[in-house]
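1. only geometry, no sequence info:
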Ligand code: NAD
């Protein structure tokens, strides 16, 4: 399964064995090397961008209906192959097989969503100050997109960029994360099978600081679509050597506010899901909880029960486990560091705090869902992105205090509110300085509506109609009309 993708690049509609050095890829649940990718050379990056450039005009000039049909074919092929693609993802990323399969099916859903958007690219006719002039505002695809993606959602984060670009009429060069490159290459196999024209989609692999950076600086790339950490996003913005369109989907440090009017059991269930799912390696993970003081103890006790009930396993052997391995040693080390920092500054460990015991966990990057209370904003768990299965809890007495605490962060990606009182809901949702606010649920991002961050969490949107407009330029055509002769 993976051996056929080893060292391969997908450029100009052909599979090539990369000429550069090799980077091993490990299964994070076992430490075994499952394959290796090519560190793409400068020539290979140039070839991928040139192929995307050559394919651009033909793809952009197709009727939306033809691009829509191609995306539907792609979505169909992906869902039909979901089991195999999920195995690839679990082997390189660690999440349990059922969850990986769910992600592949959501990628297929993105194909179908943007297939529908591709036939609805409208313009506007804008009245002018005089009746003899008319402004037509039309939309045109930007050109060649470089998509640079992280490892936590290896299919969806490629897919949102791929599908929206293709619907808009752009062509794309994808550079996936080094930890999870094979899912992206498996997507390229489906692109190939779907007979999407050569060069419309290309995949190069290799270290971000070399291959990603080469795309960022490439004069043939018109737009960077990046998802990853805020520090690399800022570096990319600073290191562009020419003006480019850019969307940056970056890190988060997401709060939940639970008021006294909340359905407590629902709040606990939602918090456990959004804090620990994918081992907390989610940009919209709940990192910190602010709970009305009278219900704090009950909330913490119930959250501990919910956390302890989550099953952990090697994602291949235990497809239905709630949690698998963390994707690498780095997020696990950061989780331990944030926990140690909180405990040193006076937090109390409620549950978790160590790796699960047993032979099956001995060689992988496993950690138990962990809760700390008695937190303050001096602690890293409350002020930085942990990107691991750790949540800090604090009480609040007044809603304005909860808002001040929740907004006390350079990030602005997602926030959560559990409250039944409508006045509380309105007060909180209008004051939370975040691109996404989920109320009485924890799915802050859905395919149908725009999803994006504020502040250091980024610029631009994915999902929804807005997600496609990120790949389009507006063109204003101002027309003067004369009365026809003889009228
Ligand atoms: P990262 O920033 O380290 O890497 C992301 C991608 O950038 C990788 O493909 C990497 O190879 C590449 N890269 C690294 N240096 C580069 C450079 N100099 N030039 C160009 N590309 C470069 O992030 P990560 O560790 O892979 O992912 C975790 C981060 O992603 C977290 O901060 C998380 O919050 C964020 N994230 C954000 C969202 C969102 O929607 N806002 C979604 C998922 C993940």
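-> Yep, that arrived. Please read all numbers here as calculations on a predicted model, not as lab measurements. Numbers count the residues shown, from 1 in each chain.
2. in stretch 417-426, what's buried?
-> When burial is assessed from 16 or more other C-beta atoms under 10 Å, stretch 417-426 yields the following buried residues: 417, 418, 419, 424, 425. No exception for glycine: its C-beta is placed from N, CA and C like everyone else's.
3. and those, which is closest to the ligand?
-> The nearest member of the buried residues of stretch 417-426 to the ligand, counting by C-beta to the nearest ligand atom, is residue 417 at 19.7 Å.
4. beta-bridge partners for the closest one, please?
-> residue 257, residue 439 (DSSP bridges).
5. quick one: contacts for it?
-> For residue 417, the contacting residues are 256, 257, 259, 424, 425, 428, 429, 432, 437, 438, 439, 440, taking C-beta atoms under 8 Å, 6 or more residues apart in numbering as the criterion.
6. let's see 7 Å
-> 257, 425, 428, 429, 437, 439 (C-beta atoms under 7 Å, 6 or more residues apart in numbering).
7. which ones are touching the residue nearest the centre of the chain?
-> The chain has residue 157 as the residue nearest its centroid, 4.5 Å off, counting by C-alpha atoms, centre = their mean. Residue 157 makes contacts with 149, 150, 227, as judged by C-beta under 7 Å, 6+ apart.
8. quick check, pLDDT for it.
-> Reported pLDDT at residue 157 in the predicted model: 98.
9. next SSE after the helix or strand harbouring it?
-> Residue 157 is located in helix 156-168, with elements delineated by DSSP states H and E. Reading on from helix 156-168 to the C-terminus, the next helix or strand found by DSSP H and E is strand 171-175.
10. give me the mean pLDDT for stretch 249-262.
-> According to the model, stretch 249-262 has a mean pLDDT of 98.
11. likewise stretch 199-206?
-> Per-residue pLDDT over stretch 199-206 has a mean of 98.
12. hmm, who's touching it?
-> Contact partners of stretch 199-206, identified using C-beta under 7 Å, 6+ apart, comprise 9-13, 20, 23, 37-40, 44-45, 48, 51-52, 54-55, 59, 162, 166, 171-176, 181, 184-185, 188, 191, 211.
13. if you set the cut-off to 8 Å instead, what comes out?
-> With C-beta under 8 Å, 6+ apart as the contact definition, stretch 199-206 has outside contacts at 9-13, 18, 20, 23, 37-40, 44-45, 48, 51-52, 54-55, 59, 162, 166, 171-176, 178, 181, 184-185, 187-188, 191, 211, 215.
14. tell me where the stretch 151-300 of the chain is predicted with low confidence.
-> Scanning the stretch 151-300 of the chain for pLDDT under 70 picks out nothing.
15. the ligand contacts on that one?
-> Contact residues (C-beta under 6 Å from any ligand atom) of the stretch 151-300 of the chain with the ligand: 151-152, 157, 175, 177-178, 208-209, 212-213, 216, 227-229, 232, 235-236, 249-252, 283.
16. again, 5 Å this time
-> Taking C-beta under 5 Å from any ligand atom as the criterion, the neighbours of the ligand within the stretch 151-300 of the chain are 151, 177, 208-209, 212-213, 227-229, 232, 249, 251, 283.
17. can you redo these as TSV with secondary structure and neighbour count?
-> Shown next, in TSV, are these (DSSP: H, G, I helix; E, B strand; the rest coil; neighbours: other C-beta atoms under 10 Å):
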residue	secondary structure	neighbour count
151	coil	22
177	coil	25
208	helix	21
209	helix	10
212	helix	26
213	helix	18
227	strand	26
228	coil	24
229	coil	15
232	helix	20
249	strand	27
251	coil	24
283	coil	28
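18. in those, find the pair that's most separated.
-> By the measure C-beta to C-beta, these have their two most distant members at 213 and 283, which lie 21.8 Å apart.
19. the contacts of stretch 199-206 in strands, which ones?
-> Among the contacts of stretch 199-206, DSSP state E puts 9, 10, 11, 23, 37, 38, 171, 172, 173, 174, 175 in strands.
20. could you find the closest non-adjacent residue to residue 183?
-> Of all residues not flanking residue 183 in the chain, residue 154 sits nearest, at 3.9 Å (C-beta to C-beta, 6 or more residues apart in numbering).
21. that neighbour contacts residue 178, doesn't it?
-> No: at 11.1 Å, residue 154 and residue 178 do not qualify as touching, with contact defined as C-beta atoms under 8 Å.
22. follow-up on the earlier one: how distant is the helix holding residue 157 from the center of its chain?
-> Here helix 156-168 shows a centroid-to-chain-centroid distance of 12 Å under the convention C-alpha atoms, centre = their mean, to the nearest Å.
23. what's the answer for stretch 22-37, then?
-> Between the mean C-alpha location of stretch 22-37 and the chain-wide mean there is a distance of 22 Å, by C-alpha atoms, centre = their mean.
24. buried ones in it?
-> When burial is assessed from 16+ other C-beta under 10 Å, stretch 22-37 yields the following buried residues: 23, 25, 26, 27, 28, 29, 30, 34, 35, 36, 37.
25. need the contact partners of it.
-> The list of residues contacting stretch 22-37 from outside it, by C-beta under 8 Å, 6+ apart, reads 2-3, 5-7, 18, 38-39, 91-94, 178-182, 205-207, 314-316, 324-328, 363-366.
26. just the endpoints, please. Distance across it?
-> One end of stretch 22-37 sits 6 Å from the other (C-alpha to C-alpha, to the nearest Å).
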